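S.K.: structure for the following, please:
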Amino acid sequence: MPSSPSGLPPWLKTRLGSGPDFTRLRDASRSRGLNTVCDGARCPNIGECWSRGTATFMVLGSRCTRGCRFCGVPAGRPEAVDPAEPRRLADTLAEMRLKYAVITMVCRDDLPDQGARHMADCLRAVRSSCPGMTVEALIGDFGGDRASLKTVLEAGPHVLSHNIETVESVSLLARDRRCGYRRSLDLLRAVQALAPSGNAPSIPTKSSLMLGLGESAAEVRQAMTDLREAGVSLLTIGQYLRPTKSARHLPVREFVPPERFDGLKAEALGMGFLHVASGPFVRSSYRVDEGGAVLIKTRTQQD
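M.R.: Numbering: from 1, shown residues only. So this is what the prediction gives:
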């Protein structure tokens, strides 16, 4: 297993967001007090994604009930659920005029339904106000509760996303003890069985892997195989970057070179994934519009 590297390699450089489109989207999101993962998590792709008309919003507060050791979202006692958030989110997205929006959530183990109803309300409000926008729901595992998953699916997201995050051997170290590699696979597998029959073809699923935490090539290959067997059709693969130097956050064990990401993309496409984004700066919402375009093309060919 590689030792913790010192310093950033030359390929880990990117430009910060700027320009009129970036400023317009930033101001629109901040004016209504919404949490964008793009801005709040200091995503390195914020300038590129916002200029492409895509953005990711996080609902149900800014604090998570879990404490995964790779994540920059603060853990702790969550805020009260804001019943006005779905309407505020929908109004903001209509103003931003995005092509593709990802709505994600903090984990809410304190709520009986894990926050599923609120997420569904957000999806319905956005789809009603922005009929031409593709909407992806990036959810937690809902504690394995199928009723909560069904609640979100019935709100009609165009894509259902849940991140497996790491290979199985690293999952126990990187993710909160209430999470689980197999639970994540079970949730992704359950989507096709629970999706409303009116959503035909079935709601496609998406997941994401981080590299650089000490995983082997064989383990990455197994994780991709597991995701395909669970019916996942969209995949992103990126470099883990430590959010802070606190003891909570795991150190980077390896900076994976771009050519290895290129190889993994080719391998994943060969396994049957419809779209794969793979690279050092790739995050789960990176160039989501490209994956959406692939889905639209695939559905058109199936009709």
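S.K.: please count neighbours and contacts with C-alpha atoms only from this point.
M.R.: Noted.
S.K.: wasn't A277 part of a helix?
M.R.: No: assessed with DSSP: H, G, I helix; E, B strand; the rest coil, A277 is strand; it does not lie in a helix.
S.K.: ok, now how distant is it from R242?
M.R.: Noted for A277: a distance of 21 Å to R242, by C-alpha to C-alpha, to the nearest Å.
S.K.: higher neighbour count, those two?
M.R.: Per other C-alpha atoms under 10 Å, whichever of A277 and R242 has more neighbours is A277, with 25 against 15.
S.K.: surely that one touches L235?
M.R.: Yes: counting by C-alpha atoms under 8 Å, A277 touches L235, with 6.5 Å between them.
S.K.: all strands of the stretch 201-303 of the chain, in order?
M.R.: Here the stretch 201-303 of the chain has its strands, by DSSP state E, counting those that start in this stretch, at 205-211, 234-239, 275-278.
S.K.: enumerate the positions of the first one that are buried.
M.R.: The reference is to strand 205-211. Residues 205-211 are the ones in strand 205-211 that count as buried (16 or more other C-alpha atoms under 10 Å).
S.K.: one more: stretch 178-186?
M.R.: Across stretch 178-186, burial judged by 16+ other C-alpha under 10 Å covers 179-181, 183-186.
S.K.: now those as a markdown table including distance to P9, secondary structure and pLDDT?
M.R.: Output for those, formatted as a markdown table (distance: C-alpha to C-alpha, whole Å; DSSP: H, G, I helix; E, B strand; the rest coil; pLDDT from 0 to 100):
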| residue | distance to P9 | secondary structure | pLDDT |
| --- | --- | --- | --- |
| C179 | 31 | coil | 94 |
| G180 | 31 | coil | 93 |
| Y181 | 30 | helix | 97 |
| R183 | 35 | helix | 96 |
| S184 | 32 | helix | 97 |
| L185 | 33 | helix | 97 |
| D186 | 37 | helix | 97 |
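S.K.: closest one of these to R253?
M.R.: Y181 (20.3 Å; C-alpha to C-alpha).
S.K.: quick check: the closest one touching S171?
M.R.: Yes: between Y181 and S171 there is a contact under C-alpha under 8 Å: 6.3 Å.
S.K.: doesn't E136 fall inside a strand?
M.R.: Yes: assigned with three-state DSSP, E136 falls within a strand.
S.K.: beta partners of it?
M.R.: V102, V159 (DSSP bridges).
S.K.: if we can go back for a sec, with mean pLDDT as added columns, please give the strands of the stretch 201-303 of the chain in CSV.
M.R.: CSV is the format used below for the strands of the stretch 201-303 of the chain (pLDDT from 0 to 100):
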stretch, mean pLDDT
strand 205-211, 96
strand 234-239, 96
strand 275-278, 94
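S.K.: any chance of those strands in JSON lines, with distance to S129 too?
M.R.: Shown next, in JSON lines, are the strands of the stretch 201-303 of the chain (distance: least, C-alpha to C-alpha, whole Å):
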{"stretch": "strand 205-211", "distance to S129": "24"}
{"stretch": "strand 234-239", "distance to S129": "26"}
{"stretch": "strand 275-278", "distance to S129": "28"}
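S.K.: how about the ones you listed, which one is nearest L8?
M.R.: Closest to L8 of the strands of the stretch 201-303 of the chain is strand 234-239 (C-alpha to C-alpha; 11.8 Å).
S.K.: list the contacts of the closest one.
M.R.: Applying C-alpha atoms under 8 Å, 6 or more residues apart in numbering, the contact partners of strand 234-239 are 204-212, 255-256, 261, 273-284, 286, 291.
S.K.: next: stretch 55-63.
M.R.: By C-alpha under 8 Å, 6+ apart, stretch 55-63 touches 34-38, 49, 73-82, 85, 98, 100-106, 108, 115, 118-119, 285.
S.K.: measure V102 to P251 for me?
M.R.: Distance from V102 to P251, by C-alpha to C-alpha: 28 Å.
S.K.: now V126
M.R.: 38 Å.
S.K.: swap in S128?
M.R.: 43 Å.
S.K.: between the two, who's got more neighbours?
M.R.: P251 (21 against 13).
S.K.: next, work out how far apart that one and C130 are.
M.R.: P251 is 41 Å from C130, by C-alpha to C-alpha.
S.K.: next: P280.
M.R.: 32 Å.
S.K.: quick one, phi/psi of T104?
M.R.: With angles defined as degrees, to the nearest 10, T104 sits at phi -110, psi -180.
S.K.: looking at it, it is touching A137, isn't it?
M.R.: Yes: contact criterion C-alpha under 8 Å: T104 and A137 qualify, at 6.0 Å.
S.K.: mind checking the SS state of L8?
M.R.: coil.
S.K.: who touches it in this structure?
M.R.: Residues in contact with L8 (C-alpha under 8 Å, 6+ apart) are F255.
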